[in-house]
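Chemist: I'd like to go over a predicted model; first the sequence, then the structure.
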Amino acid sequence: MREFSDFDGAKVAILHGSRVVTILRDDAPDIAFPNMWDFPGGAREEGESPEQCVLRKLDEELSLKLAPEQLSWKRRFGPERQGMPVTWLFVAELPDLDEGRLRLGGAGQAWRMFDAERFLRQSNAVPHLKAQLSEYLDGRDALEG
């Protein structure tokens, strides 16, 4: 049985108003979800916390540096079946995000801002991330409503 602190990677949904930052994954046959829209983040390095992992990946992938306190929501997603990865999803709502400062790093084909509702309908977006973002938005909307 895995320890609660064990995890494989972390992703972050960066929300700017009603829009979300996405990265188009490389179109390579040896990666998961090739040529699909994804959130910044990725695999854990030895000894990293989920926050350290996602903040490092965000800087590497989009040259965006955030402080841990800017991560306003987090949830651990365990394996749905044996052998599946354990991941974390974070959300950072950034009303003052300067999109002009985002720069694509060494992975991915492009970055793009999607209306969050449109992202949830994209057939070429990573399915489990759509479900996880939807869960966050539903919870947030219930609190605001």
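Modeler: Here it is on my side, so go on.
Chemist: Going by C-alpha atoms from here, please, whenever you check contacts or count neighbours.
Modeler: OK.
Chemist: Pull the distance from stretch 88-102 to the chain's centre.
Modeler: Shown here is stretch 88-102, whose average C-alpha point lies 11 Å from the average C-alpha point of the whole chain (CA atoms, centre = their mean, to the nearest Å).
Chemist: Would you indicate which residues of that stretch are buried?
Modeler: Neighbour counts over stretch 88-102 (16 or more other CA atoms under 10 Å) mark Trp88, Leu89, Phe90, Val91, Ala92, Glu93, Leu102 as buried.
Chemist: and these as JSON lines, adding distance to Gln122 and secondary structure?
Modeler: Supplementary listing: the buried residues of stretch 88-102 in JSON lines, determined by distance: CA to CA, whole Å; DSSP: H, G, I helix; E, B strand; the rest coil:
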{"residue": "Trp88", "distance to Gln122": "22", "secondary structure": "strand"}
{"residue": "Leu89", "distance to Gln122": "19", "secondary structure": "strand"}
{"residue": "Phe90", "distance to Gln122": "20", "secondary structure": "strand"}
{"residue": "Val91", "distance to Gln122": "19", "secondary structure": "strand"}
{"residue": "Ala92", "distance to Gln122": "21", "secondary structure": "strand"}
{"residue": "Glu93", "distance to Gln122": "21", "secondary structure": "strand"}
{"residue": "Leu102", "distance to Gln122": "22", "secondary structure": "coil"}
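Chemist: Could you single out the nearest of those to Gly17?
Modeler: Minimum distance to Gly17 across the buried residues of stretch 88-102 is 7.5 Å, recorded for Glu93 (CA to CA).
Chemist: I figured that closest one hits Arg19, correct?
Modeler: No. Checked against CA atoms under 8 Å, the pair Glu93 and Arg19 is beyond contact range at 9.8 Å.
Chemist: and the longest helix for this protein?
Modeler: Using DSSP state H to assign secondary structure, the helix with the most residues in the chain is helix 127-144.
Chemist: Point out the other helices and strands that that helix packs with.
Modeler: Taking 3 or more CA pairs under 8 Å, 6 or more residues apart in numbering; DSSP states H and E as the contact definition, the neighbouring helices and strands of helix 127-144 are helix 116-121.
Chemist: Cool, thanks, signing off.
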